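[1] Please find the sequence and the predicted model below.
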Amino acid sequence: MNNMDVVLVIAVMATVTILLRFLPFILFDHGEQLPKWISYLGRVLPPAIMSMLLVYCVRNINLLKGNHGFPELICIAVAMLMHYWKRNTLASIGVSTLLYMVLIQSGM
């Protein structure tokens, strides 16, 4: 790809990202109640997405060799406890990710 192609691809990605970010405000910012299905999706999608990410993260654990998935299981437990304690998704993800990196780098 030459420079003009790269600039064009970045411009298209930025435009699509901006449109997707502002689309809910354009569609639903009329001072009226949100449709029930939008409220339902807003309630059920975050836990569903986190569950999918959890499955994605532990899909390659081999219980028959190496550390048997202990760092992953420890960090999942820490993330759950942090979220239960602080109710802060960013903190629970950050702390468990940092702990996972420490455990992996230390050879556990």
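    Structure received.
[2] drop to CA atoms for contacts and neighbour counts, all remaining ones
    OK.
[3] What number of residues are in the vicinity of the closest residue to Ala79 other than its chain neighbours?
    Here the nearest residue to Ala79 in space, its sequence neighbours aside, is Ser92; by Cα to Cα, 6 or more residues apart in numbering that works out to 4.8 Å. By other Cα atoms under 10 Å, 22 other residues sit near Ser92.
[4] Sticking with Ser92, tell me its helix or strand.
    If you go by DSSP states H and E, Ser92 is part of helix 89-105.
[5] who does that helix touch, helix- and strand-wise?
    Counting contacts by 3 or more Cα pairs under 8 Å, 6 or more residues apart in numbering; DSSP states H and E, helix 89-105 is packed against helix 70-86.
[6] who's in contact with the helix it packs on?
    Under the contact criterion Cα atoms under 8 Å, 6 or more residues apart in numbering, helix 70-86 has outside partners 58, 88-89, 91-93, 95-97, 99-100, 103-104, 108.
[7] If I take that helix and helix 89-105, what angle do their directions form?
    160 degrees (axes from the mean of the first three to the mean of the last three Cα atoms, to 10 degrees).
[8] Please identify the helix or strand for Leu63.
    Using DSSP H and E, Leu63 falls outside every helix and strand.
[9] To clarify, my last question referred to Leu23.
    Going by DSSP H and E, Leu23 is part of helix 3-28.
[10] What's the mean pLDDT across that helix?
    Mean pLDDT, helix 3-28: 93.
[11] Quote the end-to-end distance of stretch 54-66.
    End-to-end distance for stretch 54-66, by Cα to Cα, to the nearest Å: 20 Å.
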